[in-house]
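Enquirer: Below is the sequence, then the predicted model.
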Amino acid sequence: MDFMVFLVLHDLGKLEDVLNAWDEAGVSGITILPSTGLARHRNGGVLRDDLPLIPSLEDILERAQNSNRTLFTIVSGEEMVEKVITATEKVTGNLDLPETGILAALPVSRVRGLHRRRSEE
């Protein structure tokens, strides 16, 4: 069975390490999206509409610093899901601790257009 794995990563400084860890675990085709949680949104931390037309470097860095990244991919089998969780927690630490991230894996009934690595087939 295929699973869609989602990771909301809190610490952007760990993004490249997580991507490398997923790659080494055998994941292919990772999508990365900027994201924010409700608390940060309500506190005005991200997705601001008050930035000037030509923002300064400080404006851009502040905005990037206050957002998360959501990664998602499709993997085959529960064993692969466990590999992704293990690889992620080697970088982030225990995901049950605050401000590390949230990972979820959901079963997928059908997939079209996915090109897998040979080792994952």
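Expert: Cool, the structure landed.
Enquirer: Phi and psi next, for Ala105.
Expert: In terms of degrees, to the nearest 10, the main-chain angles of Ala105 are phi -130, psi 130.
Enquirer: The host helix or strand of Val8: what's the following helix or strand?
Expert: Assigned by DSSP states H and E, Val8 belongs to strand 2-9. Downstream of strand 2-9, the next assigned helix or strand under DSSP H and E is helix 15-25.
Enquirer: Can you show me the helices along the protein?
Expert: For the chain, the helices defined by DSSP state H occupy 15-25, 38-42, 57-65, 78-92.
Enquirer: where does this protein have low pLDDT?
Expert: 41, 44-66, 117-121 (pLDDT under 70).
Enquirer: Contacts only, for the residue most central in space within the chain.
Expert: Centrality entry for the chain: nearest residue to the mean C-alpha point is Leu71, 2.6 Å, by C-alpha atoms, centre = their mean. By C-beta atoms under 8 Å, 6 or more residues apart in numbering, the residues touching Leu71 are 6-7, 9, 18-19, 22, 30-33. Any C-beta I mention is one placed from the backbone N, CA and C, and that applies to glycine too.
Enquirer: Dump the residues you listed to a markdown table, plus neighbour count.
Expert: Supplementary listing: the contacts of Leu71 in a markdown table, determined by neighbours: other C-beta atoms under 10 Å:
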| residue | neighbour count |
| --- | --- |
| Phe6 | 15 |
| Leu7 | 25 |
| Leu9 | 24 |
| Val18 | 23 |
| Leu19 | 17 |
| Trp22 | 22 |
| Ile30 | 15 |
| Thr31 | 10 |
| Ile32 | 15 |
| Leu33 | 10 |
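Enquirer: does Ala25 really touch Val84, like I thought?
Expert: Yes: under the criterion of C-beta atoms under 8 Å, Ala25 lies in contact with Val84, with a separation of 5.7 Å.
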